[in-house]
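In: sequence below, structure please.
(one chain, ligands or ions: 1)
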Amino acid sequence: MDVRALLDGTGESDLDLWARTINPQFVRVLRTIGFDRRWARAEGAYLYDTDGARYLDLLGGFGMYNVGRNNRGVRAALIEALELDTPGMLAMGVTALPGLLADALLQRTPPRLERCLFTNSGTEANEAAFKLGRAATKRPRVISTDHGFHGLTLGALSANGNPEFTARFQPLLPGFDRVPFGDLDTLEAQLKQEDVAVFIVEAVQGKGINLPPAGYLEGAQELCRRYGTLFCVDEVMTGFGRTGTMFAFEHWGLEPDLVTVAKSLSGGYVPVGALLMSRAVHESVFDSMPHAMSHGSTFAPNELAMVAGLAMLHELEEHRLVARSAQLGERLLERTRPLVDEFDVVRDVRGIGLMWAIEFEGDGFAYRMLERAQRGLFAQLVVVPLFTDHRILTQVAGHDMAVVRILPPFVLTNDDVDEFADALHETVKRARRMPSSLTKFALTAAGIR
Ligand SMILES: Cc1ncc(COP(=O)(O)O)c(C=O)c1O
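Out: Predicted structure coming up:
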């Protein structure tokens, strides 16, 4: 097969092909907001369209390209593994690569975590946490937080704290309840019933980029220990340097019983996820030879994902990218926090490492009109010109939210950060005045839901 010839084929456009075969509504969204480019290639923090124009990618595929798109080191390791004709998955047998990656992950997490179970994605890692957590504790319930996001398969969706994702898919799994993020009293009221297997929480919530109030995560861990609930930190988005430490739980000195990872683990090349767990949890589920295969998935410990994972960790450490995420995050806040004082419409600028958001609010007539059409619509007035005028890719952080977020690759430069800060300043200034053409666009965009 000639891949180059396939990609160069002059038939139907990528967008038309997707609209016909995959998802026409998604293509409508892209066309409405002007994100309907034809993409040719990518490198580090940049995307290039077929006209050769360069775009600064601050979304990083929703935070899966921590080491940069098409990272050379990960790529070379994958090519080498392919050329070695490694044995692949044996089903009844084991090979070295999954063990090596499991060991590498466990060496980088607190000693409490001693076993690793590989999955194909973040949502599956969370499914495993719930399933194994129930069996290990012999308890039925799972508690999660409002606005939490843990994936979209049915179990993970049952822990989702955003009604726009859950409402149309009822009934979800029994035994799942939510508590407000940051509220220890409500959490304790649930945990003290002593029937909760797992409390799952993102250290920093991805939907809206919500940072935990002081003492919350430590308090939650303490309550979990007191009432016999497993404390699970979902690091699918925050893991591997996103918040400026290897794992976000390090900021608060936490020692979870369960940690889930995915996204950036394979450097963005191969689907992969993992559940890291205490020996006690593992041994109470995988407790005998008949139970040796209590959970798993055909492709989960696939060798390409394992090689990519090992190479991604090497890249992070070799190029000190975690420290770079912390440093660039500080620069980003320094450059963008002043917008809060400068513009009434900017309510907050927040972030940790390279997980950053700006939140808007307003009381003018036009702002209120937009908000009436759809909450958070003003954020589109920032995201769209950032893309079309400045060639910078950002995203509205969630439904019904006037929040724009970024999750860029860590290979960004100081100049990239400055370019974004300048473009943001100009865009917010213009959006505030809201020319009628933009308002009209935003109201059209409201109809694409
Ligand atoms: C915190 C968190 N958990 C879980 C998931 C689901 O991961 P995946 O998309 O790999 O299923 C995501 C995806 O965005 C996430 O941000």
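
In: return the set of buried residues in stretch 66-82.
Out: By 16 or more other CB atoms under 10 Å, the buried positions in stretch 66-82 come out as 66, 67, 68, 69, 71, 73, 74, 77, 78, 81. (Glycine included, C-beta is placed from N, CA and C.)

In: touching, the second one and residue 410? I think so.
Out: Yes - counting by CB atoms under 8 Å, residue 410 is a contact partner of residue 67 at 6.9 Å.

In: what residues are shared contacts of those two?
Out: residue 321 (CB atoms under 8 Å, 6 or more residues apart in numbering).

In: so what's residue 86 up against?
Out: Going by CB under 8 Å, 6+ apart, residue 86 touches 95, 97, 303.

In: got it, and residue 325?
Out: Contacts for residue 325 were tallied using CB under 8 Å, 6+ apart; they are 66, 241, 242, 243, 244, 353, 354, 410.

In: element containing it?
Out: helix 321-336 (DSSP states H and E).

In: likewise for residue 212?
Out: Short version, using DSSP H and E: residue 212 is in no helix or strand.

In: pretty sure residue 280 contacts residue 136?
Out: Yes - using CB under 8 Å, residue 280 is in contact with residue 136, at 7.3 Å.

In: give me the more crowded residue out of the two.
Out: Using other CB atoms under 10 Å as the criterion, residue 280 and residue 136 rank with residue 136 on top: 22 against 13.

In: for that one, give its distance to the ligand.
Out: 21 Å (CB to the nearest ligand atom, to the nearest Å).

In: wait, is that residue part of a strand?
Out: No - Residue 136 is assigned helix when assessed by DSSP: H, G, I helix; E, B strand; the rest coil, not a strand.

In: tell me the pLDDT at it?
Out: Looking at residue 136, its pLDDT stands at 98.

In: which stretches of this protein have low pLDDT?
Out: 10, 434-449 (pLDDT under 70).

In: kindly report the residues of it close to the ligand.
Out: Proximity of the chain to the ligand, by CB under 6 Å from any ligand atom, involves residues 62, 121-123, 126, 149-151, 202, 206, 234, 236-237, 262.

In: of those residues, which count as buried by neighbour count?
Out: Counted by 16+ other CB under 10 Å, those give 121-123, 126, 149-151, 202, 206, 234, 236-237, 262 as buried.

In: report the contact partners of the closest residue to the ligand within the stretch 251-400 of the chain.
Out: Nearest residue of the stretch 251-400 of the chain to the ligand: residue 262, at 4.4 Å (CB to the nearest ligand atom). The contact partners of residue 262, taken as CB under 8 Å, 6+ apart, are 119, 121, 122, 125, 236, 239, 272, 273, 274.

In: one more: residue 201?
Out: Applying CB under 8 Å, 6+ apart, the residues near residue 201 are 144, 145, 148, 181, 217, 220, 232, 233, 234.

In: wait, the last one sits on residue 260?
Out: Okay, so that is residue 234. Yes - taking contacts as CB under 8 Å, residue 234 lies within contact range of residue 260: 5.1 Å.

In: isn't residue 191 right up against residue 227?
Out: Yes - under the criterion of CB under 8 Å, residue 191 makes contact with residue 227 at 4.1 Å.

In: more crowded one of the two?
Out: In terms of neighbours (other CB under 10 Å), residue 191 is the more surrounded of residue 191 and residue 227; the figures are 23 against 17.

In: can you tell me the helix or strand for residue 299?
Out: Applying DSSP H and E, one finds residue 299 in no helix or strand.

In: tell me the contacts of residue 371?
Out: Taking CB under 8 Å, 6+ apart, we find residue 371 in contact with 362, 377, 378, 402.

In: can we see that at 7 Å?
Out: residue 377 (CB atoms under 7 Å, 6 or more residues apart in numbering).

In: is it part of a helix or strand, or is it coil?
Out: helix.

In: what is the neighbour count of the closest residue to residue 388 other than its chain neighbours?
Out: Among residues not flanking residue 388 along the chain, residue 34 sits closest, at 4.9 Å (CB to CB, 6 or more residues apart in numbering). By other CB under 10 Å, the residues close to residue 34 number 14.

In: isn't residue 34 right up against residue 385?
Out: No - the pair residue 34 / residue 385 is not scored as a contact, 9.3 Å apart, by CB atoms under 7 Å.

In: distance check, the one residue in the stretch 301-449 of the chain that gets nearest to the ligand against residue 238.
Out: Closest to the ligand within the stretch 301-449 of the chain is residue 407: 9.2 Å, counting by CB to the nearest ligand atom. To residue 238, residue 407 is 10 Å away according to CB to CB, to the nearest Å.
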